[in-house]
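> Below: sequence and its predicted model.
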Amino acid sequence: MSGTSLVWLRNDLRLHDNEALTRAQSQSDRIIIVYCLDPDEFLPTELGFPRMGSFRWNFLRESLLDLRSNLAQKQAQLVFRMGKAWEIIPELVKKYEIRKVYVHQEVGAYEIEAESRLESALDRLNCRLSRLWGSTLFHPEDLPFPMKTLPDQFTQFRKKTEQIVPLRPVFEVAEEIITPTDIPSDDMPAAEDLGLDPQCPDPRRAIVHTGGESAGRARLRYYLDESHHISGYKESRNGMLGADYSSKFSAWLSLGCLSPRQIVHELHSYESDHGANESTYWMFFELLWRDFFRFTARKFGKRIFFKNGINGRRLPFLKNDLSLFERWRSGTTGIPFIDANMRELLLTGFMSNRGRQNAASFLVKDLKINWQWGAMWFESQLIDYDVSSNWLNWLYIAGLGNDPRSGSRHFNIMHQARHYDPLGEYVKHWLPELRQVPRDFVHQPDQMTTAMQIRYNSQIGKVYPIPLIDGAHWV
């Protein structure tokens, strides 16, 4: 044991499978657990909206409050501070004579830069920063290649890892966590305190996303053991309506309220009890995709944010047209399938995976708008925002990332709409102005005669927007 250590939490807001917490406890007499909220996260982007919008913040706030509650049950404290970690933590180090700070490494370039700035400040205080890894299924040290030679395509990565790389055991939750309980902590701000518009999620939302480890583990138990929805996941995962067509684990994974290793260990337990099938494998498969994107972000650093992406391909046809972007962002493009998805995102902070791919393709390939703008809006709005998954998925669709098909991935929006929403139920759920439209016209209401538009109270240009793209464009 060696006095007091500090654990700096970021996207690892959990007690289970938390190596930083476990190592600090085993090597210290007591620990101080700190979360720093950088106010710069809420500054407006060049497009006017904040990097972190109110839906994201509310989910993060709930996650922090849940963690604080779980620690309090063990007579331990979470210290919450507003400010930059490389300024706040050194002050705590000096005041409480801390000799070691533990942190889980991140994959985003700016998060890595924050680690480096903190390490430099700690060096001057003779305090060591201990970096650990806890955000992926596979540990980087167990991969059969160094990070700099990570395969650029997922299939190559999968073939070299899924049957070869061992899955490390999870770290158990400690029975006792010894922390000081009298360290000053800032108040947890509400959305309006941060300059955000307070938003209540629309009651039509697919699922109530409550932040925190408690809700995340409850969702895991429900999806696997209570409902057995996992057994049909491969067939249902491209659904559009309802809470259970997909696992919805991504929000809790994004903040580390759920550990990916914990999910797979419980998935294996489920398979032992109920049998494995394509759906249980598909859950592992998609978590492997998540690993691939996180390692790719680590490999390419700030290049994942560059306009030419990680493959350096130029897309000279992309433009910065704010009026078209606002039509897309607000869900008023006149293309019902796109508008329904964009309004779900606008009103709830969530959108299905199928919707995200179509919305991204439409913005880049049909409207020919700068893909970075779309990625920025998703970053601001998505409850499950994750730097690697968000930016690399946008690069993938734009043809600037890991897609072996490069620029040829162009979604036929009408085909997608009719395949994944054949009755128009999803569109009518989010576009009440089209609720009376017959199913044959719900995805192209502009094809109705004027008399039909009046009859079904859906006049184009008056009740519903004139489409930005002619539907014949996709035929």
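Thanks, I have the structure now. Residues are numbered from 1 along each chain as shown.

> Paired strands for the longest strand belonging to the chain, with orientation please.
Using DSSP state E, we find that the single longest strand of the chain is strand 30-37. Sheet pairing of strand 30-37 (DSSP bridges) gives strand 4-9 (parallel), strand 78-82 (parallel).

> if I look at Thr155, how far off is Asp339?
Separation of Thr155 from Asp339 (C-beta to C-beta, to the nearest Å) stands at 34 Å. (Each C-beta comes from the backbone N, C-alpha and C, glycine too.)

> more neighbours, the two?
Asp339 (26 against 11; other C-beta atoms under 10 Å).

> residues touching that one, list them.
Neighbouring residues of Asp339 by C-beta atoms under 8 Å, 6 or more residues apart in numbering: Gly331, Thr332, Thr333, Val427, Trp430, Leu431, Pro465.

> Now name the helix or strand holding the closest residue to the last one other than its chain neighbours.
Translated: Pro465. In space, and not counting its chain neighbours, Pro465 is closest to Gly334: 4.1 Å by C-beta to C-beta, 6 or more residues apart in numbering. Assigned by DSSP states H and E, Gly334 falls within no helix or strand.

> measure Gly334 to Arg68 for me?
Gly334 is 46 Å from Arg68, by C-beta to C-beta.

> What of Asp339?
Taking C-beta to C-beta, one finds Asp339 at 39 Å from Arg68.

> tell me the strands in the stretch 301-450 of the chain, going along the chain?
Counting by DSSP state E, counting those that start in this stretch, one finds no strands in the stretch 301-450 of the chain.

> just the helices in it please.
322-329, 336-348, 353-361, 371-381, 387-398, 413-420, 425-430, 450-455 (DSSP state H, counting those that start in this stretch).

> And stretch 149-161, what's buried?
If you call a residue buried by 16 or more other C-beta atoms under 10 Å, then stretch 149-161 has these buried ones: Leu150, Pro151, Asp152, Phe154, Phe157, Arg158, Thr161.

> Over to stretch 86-93?
By 16+ other C-beta under 10 Å, the buried positions in stretch 86-93 come out as Trp86, Ile88, Ile89, Pro90, Leu92, Val93.

> One more: stretch 39-47?
Phe42.

> Endpoints of that stretch, how far apart?
18 Å (C-alpha to C-alpha, to the nearest Å).

> Then stretch 341-356?
8 Å.

> List the buried residues in that stretch.
341-352, 354-356.

> Skipping adjacent residues, who's closest to Ile164 in space?
Using C-beta to C-beta, 6+ apart, the closest residue to Ile164 is Pro144 (6.2 Å).

> is it fair to say that neighbour lies in a helix?
No - assessed with DSSP: H, G, I helix; E, B strand; the rest coil, Pro144 is coil; it does not lie in a helix.

> For Lys160, see how far away it is.
For Pro144, the distance to Lys160 - C-beta to C-beta - is 6 Å.

> where's Leu468, which helix or strand?
Going by DSSP H and E, Leu468 is not in any helix or strand.

> Would you mind listing the residues in contact with Thr161?
Per C-beta under 8 Å, 6+ apart, neighbours of Thr161: Phe138, Leu143, Pro144, Leu288, Asp291.

> can you give me phi and psi for the first one?
Meaning Phe138. phi -100, psi 140 (degrees, to the nearest 10).

> just the third one next, same as before
The phi/psi pair for Pro144 (degrees, to the nearest 10) reads phi -80, psi 20.

> hang on, isn't it packed against Val165?
Yes - contact criterion C-beta atoms under 8 Å: Pro144 and Val165 qualify, at 7.1 Å.

> Those two: which is more packed in?
Val165 (16 against 9).

> Which helix or strand contains the more buried one?
Short version, using DSSP H and E: Val165 is in no helix or strand.

> what's the farthest-apart pair in the contacts of Thr161?
Pro144 and Leu288 (14.4 Å; C-beta to C-beta).

> If the residue nearest to Tyr96 when sequence neighbours are not counted is in a bridge, with which residues?
Excluding its sequence neighbours, the residue lying closest to Tyr96 (C-beta to C-beta, 6+ apart) is Thr4, at 5.4 Å. Under the criterion DSSP bridges, Thr4 forms beta bridges with Arg30.

> and stretch 8-26, average pLDDT?
Per-residue pLDDT over stretch 8-26 has a mean of 97.

> What of stretch 321-339?
On average, stretch 321-339 scores 98.

> Show me what counts as buried in it.
324-325, 327-329, 331-339.

> do the same with stretch 64-82
Leu64, Asp66, Leu67, Arg68, Asn70, Leu71, Ala76, Gln77, Leu78, Val79, Phe80, Arg81.

> Using CSV, lay out the residues you listed together with distance to Glu115.
Below are those laid out as CSV (distance: C-beta to C-beta, whole Å):
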residue, distance to Glu115
Leu64, 20
Asp66, 25
Leu67, 21
Arg68, 24
Asn70, 25
Leu71, 23
Ala76, 24
Gln77, 24
Leu78, 20
Val79, 19
Phe80, 20
Arg81, 17
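
> residues making contact with stretch 422-440?
Contacts of stretch 422-440 with the rest of the structure, by C-beta under 8 Å, 6+ apart, involve 204, 240-241, 331, 336-337, 339-341, 343-344, 417, 420-421, 442-443, 445, 448, 456-458, 463-464.

> distance between that stretch and the chain's centre?
The chain centroid and the centroid of stretch 422-440 are separated by 28 Å under C-alpha atoms, centre = their mean, to the nearest Å.

> in the stretch 351-475 of the chain, which ranges drop under the pLDDT threshold?
Low-confidence segments of the stretch 351-475 of the chain, defined by pLDDT under 70: 405-408.

> go with 80
403-409, 471, 475 (pLDDT under 80).

> Give me the neighbour count for Asp17.
With other C-beta under 10 Å as criterion, Asp17 counts 23.

> shouldn't it be in contact with Arg261?
Yes - counting by C-beta under 8 Å, Asp17 does reach Arg261; the two are 5.7 Å apart.

> dump the residue contacts of Tyr102.
Here Tyr102 is in contact with Ser5, Leu6, Val7, Trp8, Ala20, Leu21, Arg23, Ala24, Ser130, Leu132 (criterion: C-beta under 8 Å, 6+ apart).

> secondary structure class for it?
Applying three-state DSSP: Tyr102 is strand.

> so how far is Glu91 from it?
Counting by C-beta to C-beta, the gap from Tyr102 to Glu91 is 18 Å.

> Tell me the confidence at Asn311?
pLDDT, read off for Asn311, is 89.

> Now the residue nearest to Lys248 when sequence neighbours are not counted: phi and psi?
Spatially, and ignoring its direct neighbours in sequence, Lys248 is nearest to Ile207 (5.3 Å; C-beta to C-beta, 6+ apart). Backbone torsions of Ile207, given as degrees, to the nearest 10, read phi -150, psi 150.
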